[in-house]
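In: Next one to model:
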Amino acid sequence: YTYNLSKYEISREMIDKANAGGGLGITLADLSTMGGNGSLRPASGLSWYEAAKFVNYLNVSSGSNAAYKFDSNGNFQLWSVNDLGYNSNNLYRNSLATFWLPSTDEWYKGAYSSLSGAWSNSLSGRYGLGISSGPVDITDAGGQTAWGTIGQGGNVWEWLETASDGSNNNTTELRDQRGGSWFSQANAVNSSVRVEQNPFVENEYNTGFRVVSVPEPSALSLLGVGGLALAIIKRRRA
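Out: Here you go, the predicted model:
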């Protein structure tokens, strides 16, 4: 199927705009000692659930279905058979949503494959640095993939939709992260490497995310900075 993987990681300013527009209350890590609080620095230090709520804001504000189900108390829930858009193969994601967090497969395809069908085993990017160096602007994270995405190698680890066991059938199970951060070692960007993290965890200052969309992501213009959020690369999953 054809899908769009955002060219850049979601920035702090995009989160600020979503907070202001949707009252999301998402908190980000304070990276002022690392020079990482600039508006175009990657949004980091948010939980998987907060990333999911941001994605839901993109959907609802553009008239689409929410991708992820939360109850009235803000607790994450699985979609059930009586819900419109229920998909028995993925109880996390509503099939009618326009935006969602990338699955492990979708992220992996964007990072390691090419238009010709060839695959690579590692990513170039911004990693192997000291912690004090901090992340850089999402537009300057280097490491452009064959598809044109920026920052999949380094800058910040990225939350993925997929549960660590691949089942997506438990609200609290560990979630995948990939890509490494600015102070990760080179092996962190190898195709074989992923980390598993509790979705409740916040204040991990080296963890951010990007989004997937289908069809055209017009709602991102609500949060774009000079059109940066509209830089979406189309690709087809093998």
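In: biggest strand in this structure, by residue count?
Out: Counting residues, the longest strand in the chain under DSSP state E turns out to be strand 157-163.
In: Flag the helix or strand of this structure with the lowest per-element mean pLDDT.
Out: Least confident helix or strand of the chain, by mean pLDDT, DSSP states H and E, is strand 232-236 with a mean of 50.
In: List the buried residues in the helix or strand that the longest strand of the chain is followed by.
Out: Using DSSP states H and E, the helix or strand that follows strand 157-163 towards the C-terminus is strand 175-178. Neighbour counts over strand 175-178 (16 or more other CB atoms under 10 Å) mark Arg175, Asp176, Gln177, Arg178 as buried. The way it works is simple: take the backbone N, C-alpha and C, and place the C-beta from them, glycine included.
In: which one of these sits closest to Asn75?
Out: In terms of CB to CB, no member of the buried residues of strand 175-178 lies closer to Asn75 than Arg175, at 16.0 Å.
In: Could you give the bridge partners of that closest one?
Out: For Arg175, the beta-bridge assignment (DSSP bridges) gives partners Ala163, Gln197.
In: Present the buried residues of strand 175-178 as CSV; the columns should include distance to Asn19 and pLDDT.
Out: As requested, these are exported to CSV (distance: CB to CB, whole Å; pLDDT from 0 to 100):
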residue, distance to Asn19, pLDDT
Arg175, 22, 98
Asp176, 26, 98
Gln177, 23, 98
Arg178, 26, 98
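In: got CSV for these, with distance to Ser6 too?
Out: Output for the buried residues of strand 175-178, formatted as CSV (distance: CB to CB, whole Å):
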residue, distance to Ser6
Arg175, 18
Asp176, 17
Gln177, 16
Arg178, 15
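In: What is the longest helix belonging to the chain packed up against?
Out: Taking DSSP state H as the criterion, the chain has its longest helix at helix 48-61. Applying 3 or more CB pairs under 8 Å, 6 or more residues apart in numbering; DSSP states H and E, one finds that helix 48-61 contacts helix 12-22, strand 69-70, strand 99-100.
In: give me that answer again for 6 Å
Out: Secondary-structure packing of helix 48-61 (3 or more CB pairs under 6 Å, 6 or more residues apart in numbering; DSSP states H and E): helix 12-22, strand 99-100.
In: Of all these, which one comes closest to Asn89?
Out: Of all the helices and strands packed on helix 48-61, strand 99-100 sits nearest to Asn89, with 13.8 Å by CB to CB.
In: Need the mean per-residue confidence for the following helix or strand past the closest one.
Out: Using DSSP H and E, the helix or strand that follows strand 99-100 towards the C-terminus is helix 104-112. Averaging pLDDT along helix 104-112 gives 94.
In: tell me which residues of helix 104-112 are tucked away?
Out: Within helix 104-112, the residues that count as buried by 16+ other CB under 10 Å are Thr104, Glu106, Trp107, Tyr108, Lys109, Gly110, Ala111, Tyr112.
In: how close does the spatially closest residue to Gly25 that is not a sequence neighbour sit to Tyr8?
Out: Counting by CB to CB, 6 or more residues apart in numbering, Gly25 lies nearest to Asn19, which is 6.7 Å off, once chain neighbours are set aside. As defined by CB to CB, to the nearest Å, Asn19 lies at a distance of 19 Å from Tyr8.
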